[in-house]
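K.L.:
How does the following fold in three dimensions:
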Amino acid sequence: MDAGVRLHWWQTRWFVVAAALIACVPLIWPDIPPIVDLPGHMGRYRVQLDRGAHAWLADWYDFQWSLIGNLGVDLLIEPLAPIIGLEPAVKLIVMAIPALTVAGFLWIAREVQGRIPATALFALPLAYGYPFQFGFVNFALSMALALCLFALWLRMARLRRLRLRAAVFVPLSCLLWVCHTFGWGVLGVLAFSAEMIRQHDLRKDRQSGHWVASWFRAGLGCVPLALPMVLMVAWRSGADVTGQTADFFYWRTKIAWVLMSLRDRWLWFDVASVAVIYLVLFKALRDPRITYSRHLGLSALFMLAVFIVLPRIVFGSAYADMRLAPFMLAIAVIAIRPKPGMTFRHASVLAAVGLAFFLVRIAGTTVSYAMFDRDYDEELVALNHVPVGARLLSFVGHNCHNDWRMSRLEHMPALALERRLAYTDDQWSMAGGQLMTVRYDAAGGYSHDPTQIVTPVRCRGEWWRPVNYAIGRLPRAAFDYVWLIRPPTWNPRFAPGLVPVWRSPTSSSVLFRIDHSVPAPEATDEELGIPHYIVEFMRRRRERLIASGAIGK
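P.N.:
Model prediction:
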């Protein structure tokens, strides 16, 4: 578009700032952002900050600083937490993620299209995509930064500041890799696809549009982003690094991830919202007044190819392919551009509908988070009865079905570590994957995630224990308290010596103190809900996975 064309309301800087601020609204009310894995990370941050002040933390957890591609929030916590406190620091960082994501979407659209197209507003709700709801905070932060850095990459190319871009992006790419490897990888894919188009356009008159030369030159142009490959090799070749890469080409699951891109609480609302995005993408194929940008269209196709090839587990980190789905859709949406014949009236109608879609999704997420926050407030009263430094074993109720609405309580036990410096059994333990591993050997098979999850019966293909088995076989000498968080129905006969300290007036949650003078119940594995041969099979399988490095000890 010509520089003299008047900007419409959705194309102004004020709108970009307003949209970024609106994206923060759902996170204003909750004390702790109610996203699944975040409380577990907060427990690790507490050990990170206070391990030297409390000797018992070193008895339970091993924390060692090392250069790995998964440190985004961990590093930001270091300067912020001493100033404003750990929980406010976490909340501030998490609130910044959707704001940066929205700003990144709109900035990319502006750089590629010349003006922000009205259809770009339909991509904004994807800032609260399923990976963010799952609590992959380092990943989500790296993706938000990757989007903004990609926009900067495009801008510096447009201004022909290529040497400066090369110099600037060497350190920036390294910092992005440290935040999370995934963000660096996505930036590389986006930058390469954009550079291919730029190189092709520069040489199409001389080489008749030959793509091979453009491919080669695009690779050379992206060399400033390559230094983290050295860091990656150094990280993954460490002797203590564990974690497998597995589960390729699960087609049904991949299709499900795309449909779940906006998964939060209400299935009908979330699926209908994804359907709106698909309608917009379909409209771009059929409407003669809009089309797809070659730059972002190619980027979306590259991301689709990566999504197809990417396995479910990468270096022991699960849901790797799922994380890409919302961003793949977002890039496809912001790739839509108006043709010269589009009228202001048509564009303004699209912008109004897109804004309404964004605001409705933000309102729904705000209500959902307020409801989850109420659940947190009700359950966390139990921590008033947990002594500082207690050895706490927690069991969170679950079922064998993949319910659309996750309870967000799955890692609530870690808040006992964060607030009361108590041992909790929900921490991840994978050497090389994060800075902390569990070392409390007395806990045995009850030491780390996912031992905190209990179910009514044994769930096929899962490590979760039936609630009666979990309670009946817990290593009593290793713990002082047991916290049941909304457990399924269980038999008190298998819990002798568990003395109630607190009961929730609104749910089935209860906090017990263990009376160590009372012996464990005498019951067979079958009585507790698991046949003996299954127990042996799971024990041997766990030993094999530990030996292979797939899981920590």
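K.L.:
Enumerate every residue touching the residue nearest in space to the middle of the chain.
P.N.:
Geometric centre of the chain, nearest residue: Phe136, 2.0 Å, by Cα atoms, centre = their mean. Under the criterion of Cβ atoms under 8 Å, 6 or more residues apart in numbering, the contact list for Phe136 reads 37, 319, 323. In short, each C-beta sits where N, CA and C put it, glycine included.
K.L.:
Surely Gly104 touches Trp153?
P.N.:
No. If you go by Cβ atoms under 8 Å, Gly104 and Trp153 don't touch, sitting 11.6 Å apart.
K.L.:
Of all the helices and strands in this protein, which has the lowest average confidence?
P.N.:
For the chain, using mean pLDDT, DSSP states H and E, the weakest element among its helices and strands is helix 532-548, scoring a mean of 61.
K.L.:
one step back: could you pull up phi and psi at the residue nearest to the centre of the chain?
P.N.:
The phi and psi torsions at Phe136 (degrees, to the nearest 10) take the values phi -80, psi 80.
K.L.:
For it, give its distance to Tyr250.
P.N.:
From Phe136 across to Tyr250, the span is 19 Å (Cβ to Cβ, to the nearest Å).
K.L.:
Strands of this protein, residue ranges please.
P.N.:
Using DSSP state E, the strands assigned to the chain run over residues 61-63, 290-292, 336-338, 392-397, 436-438, 453-455, 465-466, 481-485, 498-503, 510-514.
K.L.:
thinking again about what came up before, counting neighbours, which of the contacts of Phe136 comes out on top?
P.N.:
Of all these, the highest neighbour tally under other Cβ atoms under 10 Å goes to Arg323, namely 26 neighbours.
K.L.:
how about that residue, what does it touch?
P.N.:
Contact criterion Cβ under 8 Å, 6+ apart gives 131, 136, 139, 143, 182 as the residues in contact with Arg323.
K.L.:
quick one: the helix ranked longest in the chain to strand 481-485, angle?
P.N.:
Under DSSP state H, the helix in the chain containing the largest number of residues is helix 344-379. In terms of direction (axes from the mean of the first three to the mean of the last three Cα atoms, to 10 degrees), helix 344-379 departs from strand 481-485 by 140 degrees.
K.L.:
could I have stretch 15-27 exported to PDB, CA atoms only?
P.N.:
Once non-C-alpha atoms are left out, stretch 15-27 reads as follows in PDB (Å, rounded to 0.1, in the frame of the first residue of the first chain):
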ATOM      1  CA  PHE A  15      -4.900  -0.600  18.400                       C
ATOM      2  CA  VAL A  16      -1.800  -2.900  18.600                       C
ATOM      3  CA  VAL A  17      -1.100  -1.600  22.100                       C
ATOM      4  CA  ALA A  18      -4.800  -2.000  23.100                       C
ATOM      5  CA  ALA A  19      -5.000  -5.500  21.700                       C
ATOM      6  CA  ALA A  20      -1.800  -6.500  23.700                       C
ATOM      7  CA  LEU A  21      -3.300  -5.100  26.900                       C
ATOM      8  CA  ILE A  22      -6.600  -6.800  26.300                       C
ATOM      9  CA  ALA A  23      -4.800 -10.100  25.900                       C
ATOM     10  CA  CYS A  24      -3.600  -9.700  29.600                       C
ATOM     11  CA  VAL A  25      -7.200  -9.400  31.000                       C
ATOM     12  CA  PRO A  26      -7.800 -13.100  31.800                       C
ATOM     13  CA  LEU A  27      -4.700 -13.200  34.000                       C
END
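K.L.:
which parts of it are buried?
P.N.:
Residues 15-16, 19-20, 22-27 are the ones in stretch 15-27 that count as buried (16 or more other Cβ atoms under 10 Å).
K.L.:
Okay, now the unreliable bits of the protein?
P.N.:
By pLDDT under 70, the low-scoring segments of the chain are 1-5, 203-211, 236-247, 315-317, 341, 432, 532-553.
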